[in-house]
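> Starting from these lines, generate the structure:
(one chain, ligands or ions: 1)
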Amino acid sequence: MLPWIQLDSAAIPGGGEMTLFQREKAFSIRLTGKRGELMNSRVFNSEKELAKLGCAYLKNTDKAHVLVGGLGMGYTLAEVLKVVNQSAQVSVAELIPEVVKWNQGALGECAKRPLNDPRAQVVIGDVKLLLETNKPTYDAILLDVDNGPEGLTQGNNNWLYSTQGIAAIYQVLHPKGMLAVWSAGPDYLFSVRLKDAGFEVDTRVVSSQKRSGTQHSIFLARKNTSSSS
Ligand SMILES: C[S@@+](CC[C@H](N)C(=O)[O-])C[C@H]1O[C@@H](n2cnc3c(N)ncnc32)[C@H](O)[C@@H]1O
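Take a look at the predicted model:
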């Protein structure tokens with residue numbers, strides 16, 4: 001089998017590196033050290049499910065605003081753009097500028113270049129900055145920045161899954177808004193924190209590949225329908 005070829009690497013704020021590899025038509029994004037592979041272009045079913053499950057209720061909503069964190073290989077973003085209608089706005093926050101550059105190059109072919117869709121707007125930086133505004137802004141927030149509700153890409157991501165982070169996310173969602181979080185597996189305590197914040201929580205098990213593969217979890221947290229804030 002041909003070896004993986006390193007195409008580029010990028011520094012991660014707070015330490016470590018993210019590296020892009022290619023083998024024939026396949027790409028892999030890896031983190032330095034024991035953290036291993038973050039994403040492989042051949043395995044993307046659960047990344048799409050994150051978008052389908054998180055945005056299903058927005059199919060017929062005009063001017064829906066969806067926030068995706070982060071870009072990765074663009075599969076989640078591409079699927080959101082399929083689900084929502086033409087009047088929607090989809091913001092995608094990506095921590096590493098090089099990931100955006102990779103998607104503008106050969107990597108972008110994997111998800112058929114969703115960044116070229118005029119409804120998509122990329123914001124380079126930590127998704128946390130978009131979640132701390134305290135203003136109801138989004139109808140859905142889809143998070144796939146680690147391997148689950150624990151900071152993997154960078155330690156600071158732990159905030160996203162903490163009581164404080166969840167409370168901030170609750171504030172920036174519109175009433176009935178949806179938070180969807182990708183995870184490699186279940187996390188009971190995360191579900192409890194979501195419920196304690198006022199979310200109605202449902203956890204779905206999805207396969208990493210269409211008809212097979214590893215089982216992943218998607219946390220679906222709906223802002224309490226009786227809430228007016
Ligand atoms: C697993 S990949 C996302 C895969 C994506 N769902 C897809 O369909 O290809 C994780 C991405 O989140 C980015 N990321 C990690 N932490 C972030 C943060 N705090 N804010 C924004 N992006 C972040 C990483 O740089 C990486 O591009």
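
> from here on, contacts and neighbour counts on C-alpha atoms
OK.

> Does stretch 78-92 reach the ligand?
No - residues of stretch 78-92 contacting the ligand under C-alpha under 6 Å from any ligand atom: none, with a closest distance of 7.9 Å.

> got a list of contacts for that stretch?
48, 51-52, 55-56, 58-71, 77, 111-114, 119-123 (C-alpha atoms under 8 Å, 6 or more residues apart in numbering).

> Find the least confident helix or strand in this structure, judged by mean pLDDT.
strand 36-40 (a mean of 92; mean pLDDT, DSSP states H and E).

> Work out the sheet partners of that strand and label each with its direction, please.
Here strand 36-40 is paired, per DSSP bridges, with strand 26-31 (antiparallel).

> can you pull the buried residues of the partner strand?
For strand 26-31, the buried set under the neighbour-count rule, 16 or more other C-alpha atoms under 10 Å, comprises 27-31.

> Contacts for it, please.
With C-alpha under 8 Å, 6+ apart as the test, strand 26-31 has contacts from 16-22, 36-42, 107, 153.

> Taking these together, which two end up most distant?
G16 and R42 (24.5 Å; C-alpha to C-alpha).

> Alongside the ligand, which residues does this protein contribute?
Contact residues (C-alpha under 6 Å from any ligand atom) of the chain with the ligand: 38-39, 47, 69-76, 93-96, 99, 125-127, 144-146, 153, 157.

> Against which helices or strands is the strand of greatest length in the chain packed?
The longest strand of the chain (DSSP state E) is strand 173-183. Packing partners of strand 173-183 (3 or more C-alpha pairs under 8 Å, 6 or more residues apart in numbering; DSSP states H and E): helix 45-55, strand 138-143, strand 215-223.

> and among these, the most buried is which?
strand 138-143 (a mean of 26; mean count of other C-alpha atoms under 10 Å).

> Thanks a lot, catch you later.
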